[in-house]
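A.B. asks: make a model of this:
(chains A, B, C and D)
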Number of protein chains: 2
Amino acid sequence: MKKEIGTEEKIKDAAKAVFLQKGFSGCTTREIAKASGMNVALVNYYFRSKNQLFQLIFQSVMEEFIQSLIQVFQEDMPLKEKMRILIQKRYEFVEKNPEFPNFIHNELGRNAEFNRQNKNIFDKIATSGIFEEARDAQQKGEMRSIDMFHVTILIMSNCDFPFISRHFHLSMHEISEKEMNLKLKEHRLLVTEMLMNYLFPKPSE
Amino acid sequence: MKKEIGTEEKIKDAAKAVFLQKGFSGCTTREIAKASGMNVALVNYYFRSKNQLFQLIFQSVMEEFIQSLIQVFQEDMPLKEKMRILIQKRYEFVEKNPEFPNFIHNELGRNAEFNRQNKNIFDKIATSGIFEEARDAQQKGEMRSIDMFHVTILIMSNCDFPFISRHFHLSMHEISEKEMNLKLKEHRLLVTEMLMNYLFPKPSE
DNA sequence: AACTATTTTAAACAATTGTTTAATAAAGGA
DNA sequence: TCCTTTATTAAACAATTGTTTAAAATAGTT
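C.D. replies: Numbering: from 1, shown residues only, chains lettered A, B, ... in the order given. Predicted structure coming up:
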């Protein structure tokens, strides 16, 4: 269980933590260096520039982020069940990585170039078969017939946003972090029920 | 219709635009000065520091943001109707001010001190009577009995997040800005139906 | 051991940052 | 008009930024 990690890895780990918390323009190279226990020159020795280091981190974070959305779809079960588990896994992923959503959307918003670079990452979703599988279910009448654009936004909205707006609700409802975490755990159940009811309506109505 | 605005106002307007788009640490005093057509010294002449200027802008943006959440509750109509209109108004507000949510949550996350400063703003919600009115409806069985914590998150999630994740979906679904805006308009209808169905379930089930 | 390549360090670089100064221009009141 | 206040400007300030340099330490090889 000993982890004898080299300095390159140390810097990468520290950079990920700092970038996630403060964003690209919210931190300095020296801050990353200090967080990793190294000095400034080493950061550029291994990664050439703050920008390249960020690019590297962003890419990997983005990949993790996307992966958590589609991993469920490799398993073999009915779409409705997949969807329920997807929502659960997604929620739990963001719960473990609360800074991910804000980080990604924030940096994506400020850096329009990333869109081109991450095209291959997005392709992973397109080729995962989610969309086709959903369309089938929709044609069979099992699933509500709405564009997958809406489906993805609905899921991400309800899984990601609670953690994006963490501090906001912390202030508004005047609760402690502990209470907050409990309520957020509770929230997953509501979200799952609401989304499932909406996406797979009872045939009676 | 002529607007003969002074330099103080010009700077404030430019600062709001720049801050909203790039965040506090994502822009410089000189950038704000240039955007307003003035020079750097004038920014500090009127607002003492970049930090104070930001504080001022953030405060006003926060107020607008909160106000859009509660304005409906001053009118006199049944809670269910109020809620439907609230969702609609809220969605349309964010549609007109797409940078608001990301800006607020981003800056709130990085600056924990704001929480104390904005306590009086949050009080506006608490004293608006929303919470009591909802509790009444819940006791009468008209509304689903869940904590208002969940209700606010559900509404904000589905109204705000689509615009926070704008660039993400722009890349993922490979659509143009025009198409995006159309789909987002469409999305409001889904969101409203889903939320209303969940918050005010049919008594049959 | 001697030599080479790699890693690490402290110091310096120029550019940019927020902020201030001191001089000038404009406005307003007596 | 003269004087005081307010507004505006260009220039400078010190601190911080990302990045580089050149020397020292370490590791690896023969």
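A.B. asks: need phi/psi at A:Ser25.
C.D. replies: Backbone torsions of A:Ser25, given as degrees, to the nearest 10, read phi -80, psi 0.
A.B. asks: tell me, how many residues neighbour it?
C.D. replies: When neighbours are defined as other C-beta atoms under 10 Å in any protein chain shown, A:Ser25 has 16 of them. For glycine as for every other residue, the C-beta is placed from the backbone atoms N, C-alpha and C.
A.B. asks: over to A:Ile57?
C.D. replies: Neighbour count for A:Ile57, taken as other C-beta under 10 Å: 23.
A.B. asks: also A:Val94?
C.D. replies: Other residues lying near A:Val94 total 23 when counted by other C-beta under 10 Å.
A.B. asks: where does chain A dip in pLDDT?
C.D. replies: Within chain A, the segments meeting pLDDT under 70 span A:1-4, A:115, A:204-205.
A.B. asks: alongside DNA strand D, which residues does it contribute?
C.D. replies: By C-beta under 7 Å from any atom of the strand, the residues of chain A that approach DNA strand D are A:27-31, A:40-41, A:43-44, A:48-51.
A.B. asks: out of those, which are buried?
C.D. replies: Among the residues of chain A next to DNA strand D, the ones that count as buried by 16 or more other C-beta atoms under 10 Å in any protein chain shown are A:27, A:29, A:43, A:50.
A.B. asks: among those residues, which pair sits farthest apart?
C.D. replies: A:Cys27 and A:Val43 (11.7 Å; C-beta to C-beta).
A.B. asks: hmm, the helix ranked longest in chain A touching chain B?
C.D. replies: Longest helix of chain A, by residue count under DSSP state H: helix A:177-199. Yes. For helix A:177-199 and chain B, the contact criterion (C-beta under 8 Å from any C-beta of the partner chain) is met by A:183, A:186-187, A:190-191, A:193-195, A:197-198.
A.B. asks: narrow the residues you listed to those that are buried.
C.D. replies: For the residues of helix A:177-199 next to chain B, buried by 16+ other C-beta under 10 Å: A:183, A:187, A:190-191, A:194-195, A:197-198.
A.B. asks: just put those in a markdown table and tack on distance to DNA strand C.
C.D. replies: Formatted as a markdown table, these follow (distance: C-beta to the nearest atom of the strand, whole Å):
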| residue | distance to DNA strand C |
| --- | --- |
| A:Lys183 | 37 |
| A:His187 | 37 |
| A:Leu190 | 42 |
| A:Val191 | 39 |
| A:Met194 | 43 |
| A:Leu195 | 42 |
| A:Asn197 | 48 |
| A:Tyr198 | 45 |
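A.B. asks: show me the domain layout of chain A.
C.D. replies: A:1-48, A:57-199 (automatic domain parsing).
A.B. asks: chain A: helices as residue ranges?
C.D. replies: A:7-22, A:29-36, A:40-47, A:50-70, A:79-96, A:100-110, A:114-117, A:119-126, A:130-139, A:148-164, A:166-172, A:177-199.
A.B. asks: give me the number of residues near the closest residue in space to A:Ile85 that isn't next to it in sequence?
C.D. replies: Spatial nearest neighbour of A:Ile85, excluding adjacent residues (C-beta to C-beta, 6 or more residues apart in numbering or on different chains): A:Val72 at 5.1 Å. Look at A:Val72: counted by other C-beta under 10 Å, it has 20 neighbours.
A.B. asks: need the contact list for A:Val72.
C.D. replies: Contact analysis of A:Val72 by C-beta atoms under 8 Å, 6 or more residues apart in numbering or on different chains lists A:82, A:85-86, A:89.
A.B. asks: if we use 10 Å, what do you get?
C.D. replies: With contact set as C-beta atoms under 10 Å, 6 or more residues apart in numbering or on different chains, A:Val72 has these partners: A:81-90, A:128, A:130.
A.B. asks: same check on A:Phe103?
C.D. replies: A:Phe103 is in contact with A:16, A:19-24, A:57-58, A:61-62, A:65, A:97, A:164, B:106, B:109, counting by C-beta under 10 Å, 6+ apart.
A.B. asks: now with 7 Å?
C.D. replies: Going by C-beta atoms under 7 Å, 6 or more residues apart in numbering or on different chains, A:Phe103 touches A:20, A:23, A:61.
A.B. asks: swap in A:Pro101?
C.D. replies: By C-beta under 7 Å, 6+ apart, the contact list for A:Pro101 reads A:94, A:160, A:163-164.
A.B. asks: quick one: which of the residues you listed is most hemmed in?
C.D. replies: A:Ile164 (30 neighbours).
A.B. asks: is it true that that residue touches B:Ile104?
C.D. replies: No. Applying C-beta atoms under 7 Å, one finds A:Ile164 not in contact with B:Ile104, separated by 10.0 Å.
A.B. asks: tell me the buried residues in stretch A:70-86?
C.D. replies: Applying 16+ other C-beta under 10 Å to stretch A:70-86 flags A:70, A:72-73, A:79, A:82-86 as buried.
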